[in-house]
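Asker: predicted coordinates and the sequence they were generated for:
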Amino acid sequence: MRLIADSGSTKTDWLLTEGSVISAWKTQGINPCHQQPATIRHILQTELLPFLKGKMTPELRLSFYGSGCTAGLVPGMTALLADVFHLPDGQIEVAGDLLAAARAVCGHEEGIACILGTGANSCVYDGQNIVNNTPPLGYILGDEGSGAVLGKRFLNGIFKGSLPPFVRDLYLKETEQSYEDIIHRVYSEPLANRYLASVALFIGRHQDEKCLQQLVKDNFSDFIRRNIQPYEQRLPIGFVGSIAHAFAPLLIEVCHESGYEVSRIEKRPIEGLLQRYYVDGR
């Protein structure tokens with residue numbers, strides 16, 4: 001029996017499996033970079049454990065993948081989970097969301113795995129672990145291909161003129177925003193990266209416009225050039241994340257133009273983890 005968690009800052013998906021899914025739940029997000037241990041413990045005890053009552057066995061193995069699970073925070077998170085679930089450390093694995101993505105799209109095969117959501121990341125994966133990683137650097141210094149950078153490109157384009165005026169006018173009308181509103185949201189309110197990434201919803205609704213298609217393709221091309229080509233390996237490449245999923249045909253086109261074969265694209269990694277990595281009890 002295995003309990004798998006895929007956790008972001010907003011929500012956590014949980015699957016209890018024994019060959020197939022027994023139960024599935026959602027709790028609020030768990031991120032050890034931003035939450036104190038007491039907060040994480042409270043979330044687990046109030047939002048998850050009541051549903052697991054009577055369903056767990058002493059042999060349960062827990063795999064927790066989460067944003068914010070950096071190498072320095074893994075030991076503390078492992079100890080916390082061991083205490084909450086009354087399991088020995090040896091039955092618990094804590095890892096970052098990039099390893100979840102790699103195992104979800106590659107399974108036990110080597111390949112290149114990428115996250116394209118609000119942010120972006122990538123790695124070379126040997127079938128078990130990450131062996132190379134281009135630093136993503138975040139949406140200010142990097143994160144090419146991400147929703148946040150796509151939003152930056154779009155807003156720059158509508159106000160500096162590289163996108164047609166009708167696109168600017170349509171965006172401002174649909175979102176009921178002004179230039180001043182946008183500047184305030186980006187520079188004076190928290191979580192500017194999430195706000196910028198929300199622009200992708202508008203682009204998705206109007207992606208039949210050639211100029212917006214090209215904007216998305218240019219964003220993906222920068223991702224390939226700056227993050228994937230430095231690996232100097234032509235392995236199959238897989239993606240997880242909302243941006244990869246929303247613009248999948250354009251992403252596949254860009255990858256093919258760059259000489260990469262796309263293995264799969266998934267919105268969330270948790271189902272792929274079960275189907276391709278945790279198979280036959282492995």
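Answerer: In hand now; what should we look at?

Asker: and residue 162, that one's in a strand?
Answerer: No. If the criterion is DSSP: H, G, I helix; E, B strand; the rest coil, then residue 162 is coil and not within a strand.

Asker: work out for me the element the nearest residue to it once chain neighbours are set aside sits within.
Answerer: Once flanking residues are discounted, residue 162 sits nearest to residue 156: 7.4 Å by Cβ to Cβ, 6 or more residues apart in numbering. In this view, the C-beta of every residue, glycine as well, is placed from N, C-alpha and C. Following DSSP states H and E, one finds residue 156 within helix 147-160.

Asker: in the very next helix or strand once past that helix, what counts as buried?
Answerer: Using DSSP H and E, the helix or strand that follows helix 147-160 in sequence is helix 165-175. Within helix 165-175, the residues scored as buried using 16 or more other Cβ atoms under 10 Å are 167-168, 170-171.

Asker: beyond helix 165-175, next helix or strand please.
Answerer: helix 179-188.

Asker: what comes up buried for the helix or strand that that next one is followed by?
Answerer: Per DSSP H and E, the first helix or strand lying C-terminal to helix 179-188 is helix 192-205. Residues 192-197, 199-200, 202-203 are the ones in helix 192-205 that count as buried (16+ other Cβ under 10 Å).

Asker: again, but for stretch 40-49
Answerer: So for stretch 40-49, counting by 16+ other Cβ under 10 Å, buried means 40, 43-44, 47-48.

Asker: for stretch 54-65, same thing?
Answerer: By 16+ other Cβ under 10 Å, the buried positions in stretch 54-65 come out as 56, 60-65.

Asker: can I get these in JSON lines with pLDDT, secondary structure and distance to residue 122?
Answerer: Below are these laid out as JSON lines (pLDDT from 0 to 100; DSSP: H, G, I helix; E, B strand; the rest coil; distance: Cβ to Cβ, whole Å):
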{"residue": "56", "pLDDT": "80", "secondary structure": "coil", "distance to residue 122": "35"}
{"residue": "60", "pLDDT": "89", "secondary structure": "coil", "distance to residue 122": "32"}
{"residue": "61", "pLDDT": "92", "secondary structure": "strand", "distance to residue 122": "28"}
{"residue": "62", "pLDDT": "94", "secondary structure": "strand", "distance to residue 122": "27"}
{"residue": "63", "pLDDT": "93", "secondary structure": "strand", "distance to residue 122": "21"}
{"residue": "64", "pLDDT": "95", "secondary structure": "strand", "distance to residue 122": "22"}
{"residue": "65", "pLDDT": "93", "secondary structure": "strand", "distance to residue 122": "16"}
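
Asker: distance to residue 178 for the residues you listed - can I get that in CSV?
Answerer: Formatted as CSV, those follow (distance: Cβ to Cβ, whole Å):
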residue, distance to residue 178
56, 53
60, 54
61, 53
62, 49
63, 47
64, 43
65, 40
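
Asker: how about the strands of the stretch 1-150 of the chain, start to end?
Answerer: 2-7, 11-17, 21-28, 61-66, 92-96, 111-116, 120-125, 130-132 (DSSP state E, counting those that start in this stretch).

Asker: out of those, which gets nearest to residue 75?
Answerer: strand 92-96 (8.5 Å; Cβ to Cβ).

Asker: neighbouring strands - and their directions - for the closest one?
Answerer: Using DSSP bridges, the strands paired with strand 92-96 are strand 61-66 (parallel).
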